[in-house]
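# please find the sequence and the predicted model below.
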Amino acid sequence: MALINCPNCSTRISSKAAVCSKCSTVLGEMSEEQRLNLKQITIIEKSAKLMNESMIAMLLFCGGFGFMFWGEPAPDSWQYSISVGTSVLGFCWYIINRVRLILLKKK
């Protein structure tokens with residue numbers, strides 16, 4: 001009896017377990033090929049989610065930067081603070097998501 005990762009949620013479970021205790025995925029009836037397919041589908045879904053989050057982060061960055069560039073708020077105004085904050089938040093979120101995506105693809 002060895003410990004394996006659940007192909008759906010990556011929780012460590014027994015290789016003899018029929019059902020994952022965390023996500024309730026039925027493993028007893030699956031062949032090895034079905035487990036690999038389920039794992040690949042899970043990775044693709046996570047990758048798509050991270051790509052969507054990266055797009056939202058890029059829109060936040062571009063929106064904040066665009067407002068600073070074309071809106072020309074006064075440097076001491078609340079609009080300027082919000083646009084700078086949105087740009088910084090969007091940029092940092094984008095970088096973090098891209099690193100997470102690279103780490104996911106290395107798995």
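Thanks, I have the structure now. Residues are numbered from 1 along each chain as shown.
# low-confidence regions, the protein specifically.
Applying pLDDT under 70 to the chain picks out residues 1.
# need the longest helix for it.
helix 32-66 (DSSP state H).
# helices or strands up against that helix?
When contacts are defined as 3 or more CB pairs under 8 Å, 6 or more residues apart in numbering; DSSP states H and E, helix 32-66 sits against helix 78-106. To be clear about C-beta, it is placed using only N, CA and C from the backbone, and glycine gets the same treatment.
# give me the buried positions along the helix it packs on.
80, 83-84, 86-87, 90-91, 93-94, 97, 100-101 (16 or more other CB atoms under 10 Å).
# quick check: angle from the longest helix of the chain to helix 78-106?
Relative orientation of helix 32-66 versus helix 78-106 (axes from the mean of the first three to the mean of the last three CA atoms, to 10 degrees): 160 degrees.
# in helix 32-66, what counts as buried?
So helix 32-66, judged by 16+ other CB under 10 Å, has buried residues 35, 38-39, 42, 50, 53-54, 57, 60-61, 64-65.
# looking at those residues, spot the one nearest Lys107.
Using CB to CB, Lys39 is the member of these that lies nearest Lys107, at 9.5 Å.
# now for that closest one: which residues touch it?
7-8 (CB atoms under 8 Å, 6 or more residues apart in numbering).
# and the gap between it and Asn8?
Computed as CB to CB, to the nearest Å, the Lys39 to Asn8 distance reads 8 Å.
# make JSON lines from the buried residues of helix 78-106 and add distance to Ala74 to it.
Shown next, in JSON lines, are those (distance: CB to CB, whole Å):
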{"residue": "Tyr80", "distance to Ala74": "6"}
{"residue": "Ser83", "distance to Ala74": "11"}
{"residue": "Val84", "distance to Ala74": "13"}
{"residue": "Thr86", "distance to Ala74": "17"}
{"residue": "Ser87", "distance to Ala74": "17"}
{"residue": "Gly90", "distance to Ala74": "22"}
{"residue": "Phe91", "distance to Ala74": "23"}
{"residue": "Trp93", "distance to Ala74": "27"}
{"residue": "Tyr94", "distance to Ala74": "27"}
{"residue": "Asn97", "distance to Ala74": "32"}
{"residue": "Arg100", "distance to Ala74": "37"}
{"residue": "Leu101", "distance to Ala74": "38"}
